[in-house]
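Undergrad: Have a look at this prediction, sequence included:
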Amino acid sequence: MTRWRFRDPKFVIGVLCVGLIVVMAAFGDFLSPFDAQRQNLMDAMLPPFDVESAGHIFGTDQLGRDVFARMVSGARVSLLIAAVVVLISGVAGVCIGAVSGYLGGVRDLFIQKIVETFWAFPAILLAIAILALFGQTLQNLILALTLQRWIPYARLARAQTLSLRSREFVSASKILGGSTTWILRRHILPNLVASSIIIATFSMATAIIAEASLSFLGLGVPPSIPTWGGMLAEGRSYVTSAWWLAVFPGLGIFVTVLGLNLLGDWLRDQFDPKEDLNLV
Amino acid sequence: MSVSSDVTQNDGATPLLCVRGITKTFVRSARLFGKPVETVALRNLSVDVSDGEILGIVGESGSGKTTLGRIIVGLDEPDKGRITMAGRVLVDCDAENRTVVHASKRGIGMIFQDPYSSLNPRMSIRSLVSEGLQIAGTLGRREINDQVEQFLTMVGLRASDADKYPHQFSGGQRQRIGIARALIMHPKVLIADEAVSALDVSVQMQVLNLLLDLRDKLQFAMIFITHNIGVVEYLCDRVVVMSQGEAVERGETHAVIDSPAHEYTRSLLEAVPRI
Amino acid sequence: MSESKPAPQPPASRDLVAEGRGVGIFLRRGADELKVVDNFDFAIGRGEFFALVGESGSGKTIIARALMRLLPPTRMRIAGSLRLGDTDVAKAEEKTMRRLRGQRVSMIFQEPMTSLNPIMTVEDQIDEAMRVHGTASKAERAARISQLLSDVLFRNPDQVRRMYPHELSGGMRQRVMIAIALANDPTLLIADEPTTALDVTIQHEIMEILVGLRNRYSLSVLFISHDLALVHSYADTVAVLYGGTLMERGPTRQVIHAPTHPYTAALLACMPQRRLPGQRQTAIEGNVPPVTEWFQGCRFAPRCPRRQPVCTEAAIPMVATREQQEARCLFPLT
């Protein structure tokens, strides 16, 4: 059985990174006295880590807004959007994949054709199209990001279900009277959880990058809400004069994604069957 | 002396389970432009099982013995044939109205070959053993727990094992759990498909003895499907020898083994290594 | 306790095709090491049909893998002396081992379908085995392929050589695997449960082929199995393993008809046979110990009907119990 290897550097660094960002998002308000939205042109473009910056640890931007406070706000938005997207796409994807794999036959074929149709679109293009057509709201952003993300879950769930349904415990359940719903709920889905969580961690990382990319392009959340992508976009013009405007949000994205990838890798190692001593 | 193909019992008693004229063909579409390939798994096969007896079904790969087991228990349907138990029709694919009773309503249980894939690794022993009762929904939680504990002790495990998980048990113990899961439903017939073949030799005899003891205690009949002649000799009262979808010989175990009438049985017995 | 003589001296090393003295095998994962075989002695002479019998966790498969060093030193550590001819397998370089594999020693497995390349014909696969090791000409190789295919009792080798694995039955595939294994005329063939997945009638054929090869070419065979009845008819010597330890060793028929180790006797006694109504054969109680379980003294003691407290105190030595037969037991049967 798998032994949880908590001493693994991947786990330690991953948890530290993600933990840092989560703590910042949750408790950042207590660390900074400034409001993210408040503009103060008198205090514009103050550098970070400077005694004369009047308490702005990360400095201020061109409108005098505290960068740290905006980072905290941005963290909340990015993490929340990513979490919602991963949850919806994960649940939907696993369910669709499991049902498709278990039922087989024509219904499976039909669902697979739908999957292939969605998969044919380049992800960013699809997202841009939706936001451009239906307007730039938070709901549409989440829709745009979810529209393709469910497919990897569905693919993996279907593949695993195909091998699970011929296992003897599924036959046993049928003999005991298990209906399709019962078998899917009791036998198939619980066995899909582990690998789905692994996909979810990586998917969370790419969701954050996707959201940042869209915000960078100006297609993300409305510009009044600070996001890391948006901050990056704004900071682009000031890279030489006020490097901190772009570097901090960039670092935020980097640390979060690194942490999530490391955790996902660690989880994958945990469940890797090659590690079992199955030779005698 | 063994009897070649006569199905009915010599002593005239009506058998518990009557399986008649089972035919099953599997179709596999082979090539893009070719004819689909047909394999006849069972050809007009008939078999009887009496109350409380252990019937062995012996054959090599391709004999159809596993397909027969699946059809009797209800995992598969035959193309033609009839199955009745204690006068009640379970399967009728000969009449105009095709009748197929669901596996869970037949009073027939099954235990499987692979102890590692016959138990869901994520379910507790309690959930595994009581699954049939939970689906049936007639008993309350306390009564179900009582039954679980009763049957776990009956198969040689402990009541405290109910809260453990399959990976904490050895192959032989897992087979016992599978037996408890099947017997808790009080079947009249238990089908064992190579139930000891995947176990270590030193553990096989434990499970065989357990099945004999439980049969004496609970009075169910058993169909034991295997390719192992030694197990058949030890366990089975009567035996049916199958080859390529047909029953080539049947009779009392010792009679068939000592004086096989059919050529296939003879070659099979000769090839078995003996000490 | 019977009077025990010290184990007889093994024959001189240079006559042996394979030999092990005090072999211990450890599996490694990262920094952890797990002992899976303990203090194993054996010797296989030319033309000897040697059977290694045991249940799961006995270490029988690991020993075969170790003899061909199929796992690198980072995954497996071999203690003691394990020799193939005059090469010490534990210390040899990978280069040396590669030369030996397929040439001095060859192996066939339980599942032939996964060992054969599905997109190559029979003759291509045998040919490849030869090309890897030898420099024989194309004509010579073609002739040898015919010879090999008739050695494994194919009646029409010219037809079979052009077939693909999926066109062959299980027994035929196993025979092809034997032919490939023999392509370079090895002195030792390791057969790891080659008949377990086959029907009993086919099993019989394969065993006959192996014995025929032994008789014709003085081929030594190391046969791994869990089935004492199977090896009874074919093997010269049998070594019975349990939990990574050698329990008994001797001439096959002698060990099986007059076992001296309680485990061997119990194993034979619990093989199902005819019984009288109401009668029961005695089963061995308990379970085969997992590889990871630590133990002291005799591995089998927890399940042994003859156990005494002293059995679990210290390592048990091999003692001679009959002529050419030895058992690792303090209270062997007489």
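TA: Received the coordinates, thanks.

Undergrad: in what helix or strand does residue C:53 lie?
TA: Using DSSP states H and E, residue C:53 sits in strand C:49-54.

Undergrad: what packs against that strand?
TA: Using 3 or more Cβ pairs under 8 Å, 6 or more residues apart in numbering or on different chains; DSSP states H and E, the elements in contact with strand C:49-54 are helix C:60-67, helix C:200-217, strand C:220-225, helix C:228-234, strand C:237-242. From N, CA and C alone the C-beta is placed, and that goes for glycine too.

Undergrad: residue ranges of the strands in the stretch 101-250 of chain A, please?
TA: Ranges of strands in the stretch 101-250 of chain A, per DSSP state E, counting those that start in this stretch: none exist.

Undergrad: Show me where it dips below the pLDDT cut-off.
TA: Across the stretch 101-250 of chain A, nothing is flagged by pLDDT under 70.

Undergrad: just to revisit the earlier point, buried sites along the strand holding residue C:53?
TA: C:49-54 (16 or more other Cβ atoms under 10 Å in any protein chain shown).

Undergrad: got it, and stretch A:29-46?
TA: Residues of stretch A:29-46 classed as buried: A:32, A:34, A:36, A:40, A:43, A:45-46 (neighbour count, 16+ other Cβ under 10 Å).

Undergrad: Flag every residue of the stretch 51-200 of chain B that's near chain C.
TA: With Cβ under 8 Å from any Cβ of the partner chain as the criterion, the stretch 51-200 of chain B meets chain C at residues B:60-61, B:170-173, B:200.

Undergrad: try 10 Å
TA: Residues of the stretch 51-200 of chain B lying near chain C by Cβ under 10 Å from any Cβ of the partner chain: B:59-63, B:169-173, B:196, B:198-200.

Undergrad: neighbour-wise, which of those leads?
TA: Among those, residue B:196 has the most neighbours (other Cβ atoms under 10 Å in any protein chain shown), with 27 neighbours.

Undergrad: And what about it, helix, strand or coil?
TA: coil (DSSP: H, G, I helix; E, B strand; the rest coil).

Undergrad: wait, isn't it in contact with residue B:225?
TA: No. Between residue B:196 and residue B:225 there is no contact under Cβ atoms under 10 Å: 11.1 Å.

Undergrad: what do these two both touch?
TA: residue B:113 (Cβ atoms under 10 Å, 6 or more residues apart in numbering or on different chains).

Undergrad: where in the stretch 1-150 of chain B is pLDDT low?
TA: Along the stretch 1-150 of chain B, the parts satisfying pLDDT under 70 run over B:1-13, B:29-34.

Undergrad: Close to chain A: what parts of it are there?
TA: The interface of the stretch 1-150 of chain B toward chain A, taken as Cβ under 10 Å from any Cβ, is made up of B:70, B:73-75, B:102-106, B:108-123, B:127-128, B:130-137.

Undergrad: buried subset of those residues?
TA: Applying 16+ other Cβ under 10 Å to those flags B:70, B:73-74, B:103-104, B:106, B:108-115, B:117-120, B:122-123, B:127-128, B:130-135 as buried.

Undergrad: Which ones among those residues map onto strands?
TA: Among these, the members found in strands (DSSP state E) are B:108-111.

Undergrad: Contacts only, for residue 214.
TA: Went with chain A since none was named. Going by Cβ under 10 Å, 6+ apart, residue A:214 touches A:81, A:124, A:127-128, A:131, A:136, A:141, A:144-145, A:220-221, A:227, A:229-230.

Undergrad: try chain C instead
TA: For residue C:214, the contact set (Cβ under 10 Å, 6+ apart) comprises C:46-49, C:189, C:220-221, C:234, C:236.

Undergrad: quick revisit: generate a PyMOL selection restricted to the buried subset of the contacts of residue A:214.
TA: One line in PyMOL is enough to select the buried members of those, burial here meaning 16+ other Cβ under 10 Å:
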select buried, chain A and resi 81+127+131+136+141+144+145+220+221+227+229+230
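
Undergrad: tell me the phi and psi of residue B:242?
TA: Main-chain dihedrals, residue B:242, degrees, to the nearest 10: phi -110, psi 150.

Undergrad: Report the contact partners of it.
TA: Applying Cβ under 10 Å, 6+ apart, we find residue B:242 in contact with B:42, B:45, B:47, B:57-60, B:62-65, B:68, B:225, B:248-250, B:264.

Undergrad: now, among the buried residues of strand C:49-54, which is nearest to residue A:253?
TA: Taking Cβ to Cβ as the measure, residue C:54 is the one of these closest to residue A:253, at 56.8 Å.

Undergrad: Just give the closest residue to the closest one, not the sequence neighbours.
TA: residue C:241 (3.6 Å; Cβ to Cβ, 6 or more residues apart in numbering or on different chains).

Undergrad: State the distance from residue C:313 to chain B.
TA: 24 Å (Cβ to the nearest Cβ, to the nearest Å).

Undergrad: so what's that residue closest to, chain neighbours aside?
TA: residue C:297 (5.4 Å).

Undergrad: what does residue A:99 give?
TA: Residue A:99 sits nearest to residue A:184 (Cβ to Cβ, 6+ apart), 6.8 Å away.

Undergrad: Deepest-packed of the helices and strands packed on strand C:49-54, please.
TA: Of all the helices and strands packed on strand C:49-54, strand C:237-242 carries the top mean neighbour count, a mean of 25, counting by mean count of other Cβ atoms under 10 Å in any protein chain shown.

Undergrad: quick check: mean pLDDT across that strand?
TA: Strand C:237-242 shows a mean pLDDT of 96.

Undergrad: same thing with stretch C:258-268?
TA: 95.

Undergrad: quick revisit: so which of the buried residues of strand C:49-54 is the closest to residue C:275?
TA: Of those, the one sitting nearest to residue C:275 (Cβ to Cβ) turns out to be residue C:53, at 24.0 Å.

Undergrad: isn't that closest one right next to residue C:250, touching?
TA: No. If you go by Cβ under 10 Å, residue C:53 and residue C:250 don't touch, sitting 12.0 Å apart.

Undergrad: Give the residues shared as contacts by those two.
TA: C:238-240, C:256, C:264.

Undergrad: ok, so of these, who is nearest chain B?
TA: residue C:256 (5.9 Å; Cβ to the nearest Cβ).

Undergrad: Alright, calling it a day.
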